[in-house]
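Peer 1: fold the following.
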Amino acid sequence: MQTKPSRLDDFFGHPAAAVAMAILCNVLWGAAFPFIKMGYRLFAIDAADTPSILCFAGVRFMLSALLVWVCGAVLNRKPLPMPRGRVLAECCALGLWQTAAQYFFYYSAVALLTGALGGILNSTQSFLGVILAHFLYGKADRMTPAKALGCVLGFGGVLVVTLGNHGGGSGWGMAYMLIASCIFTVAGPWNKAVTRKADSFSVCCLNLGVGGLALTVLGIALGGSLHPQSAAGIPVLLFLAFISGAGYVLWALLMKNNPVSRISVFGLIIPVMNVLLSALLNGEPLFQWNYLAALVLVCGGIFLVNRAPRSRTE
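Peer 2: Got it, this is the predicted structure:
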């Protein structure tokens with residue numbers, strides 16, 4: 001049974017509000033990569049310590065789930081209505097896929113890549129979302145020549161940044177990031193479908209909580225642990241929890257009330273934020289020709305996709 005549209009649904013379904021919230025959501029996600037790398041440093045986690053990496057990710061997402069639950073309860077002025085039966089099982093399965101599986105690869109990639117390279121690789125999810133929407137929704141969200149050209153430019157940017165890049169990270173790191181992007185893309189329509197059956201905040205809470213718990217349990221079982229080496233470690237972890245909680249709530253509401261291609265294109269903000277904040281916070285190089293060329297191609301591709309005419313059914 002589909003829930004009735006709420007005031008939040010009306011707000012997030014408005015084109016101008018959808019654009020503004022998509023920008024904010026991607027700004028938050030763009031800040032995540034450099035802050036995760038900072039967190040690894042503050043918790044003394046190296047690239048080979050996969051169990052502790054999983055613990056770090058899992059604790060972050062469980063804290064995010066708590067923040068989402070509190071926020072939802074305050075806005076609704078009552079405890080969140082948790083789904084039951086098949087819908088509950090679907091929410092838990094979504095958490096294992098979108099949070100646990102995706103971030104298993106994403107966090108592993110962060111440890112192996114620079115922020116600039118990782119962010120540009122992660123931008124592929126914007127174009128993959130447009131391609132997947134064509135096959136899932138047909139005429140309602142179909143591929144057009146402008147969208148196709150935009151996707152070609154976007155993937156060209158990824159090709160430019162990876163060719164001959166020996167200082168940005170390992171081949172395994174690149175593969176992990178691309179796998180994470182594919183998982184995110186497939187999870188988008190699934191998230192859209194689930195949030196039509198249950199309260200968006202409840203779906204986000206279960207998604208983050210179940211996925212975070214799975215990552216934490218796996219990390220501990222493999223011998224991982226967390227030991228902050230600086231007082232700044234805890235605030236960084238809490239900020240990452242805020243980024244995740246706020247980002248997932250915004251994204252779930254956007255996916256629920258908009259065509260996928262309308263909001264997927266704003267993923268261009270993620271690599272730009274990654275490059276800038278990685279240089280500012282982690283001392284990574286900012287002006288490298290392949291990074292700048294890739295950003296131009298990716299941004300140009302997303303501009304073309306965003307300017308593509310939408311069908312009358314949207």
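
Peer 1: in the stretch 151-300 of the chain, which ranges drop under the pLDDT threshold?
Peer 2: Within the stretch 151-300 of the chain, the segments meeting pLDDT under 70 span 162-169, 260-261, 264-265, 285-287.

Peer 1: who's in contact with stretch 30-48?
Peer 2: If you take C-beta atoms under 8 Å, 6 or more residues apart in numbering as the criterion, stretch 30-48 is touched by 52-53, 56, 107, 110-112, 115, 118-119, 122, 226-230, 232-233, 236-237, 239-240, 243-244, 247, 269-274, 277-278, 280-282. Yep, even glycine has a C-beta here, placed from its N, CA and C like the rest.

Peer 1: which ones among those are found in helices?
Peer 2: 52-53, 56, 107, 110-112, 115, 118-119, 122, 233, 236-237, 239-240, 243-244, 247, 269-274, 277-278, 280-282 (DSSP state H).

Peer 1: which among these end up buried?
Peer 2: 52-53, 56, 107, 110-112, 115, 118-119, 122, 233, 236-237, 239-240, 243-244, 247, 269-274, 277-278, 281 (16 or more other C-beta atoms under 10 Å).

Peer 1: Val130 touches Thr144, doesn't it?
Peer 2: No. Using C-beta atoms under 8 Å, Val130 is not in contact with Thr144, being 9.8 Å away.

Peer 1: higher neighbour count, these two?
Peer 2: Val130 (30 against 17; other C-beta atoms under 10 Å).

Peer 1: the helix or strand hosting Leu304: how far from the chain's middle?
Peer 2: Per DSSP states H and E: Leu304 is located in helix 289-307. Relative to its chain's centre, helix 289-307 lies at 19 Å (C-alpha atoms, centre = their mean, to the nearest Å).

Peer 1: between that helix and helix 115-122, how many degrees?
Peer 2: Angle between the axes of helix 289-307 and helix 115-122 is 30 degrees (criterion: axes from the mean of the first three to the mean of the last three C-alpha atoms, to 10 degrees).

Peer 1: not counting sequence-adjacent ones, nearest residue to Gly173?
Peer 2: Leaving out its chain neighbours, the residue that sits closest to Gly173 by C-beta to C-beta, 6 or more residues apart in numbering is Leu112, at 2.9 Å.

Peer 1: give me the pLDDT value at the one you found.
Peer 2: pLDDT recorded at Leu112 is 88.

Peer 1: which ones are touching Gly233?
Peer 2: So Gly233 contacts 39, 42-43 (C-beta under 8 Å, 6+ apart).
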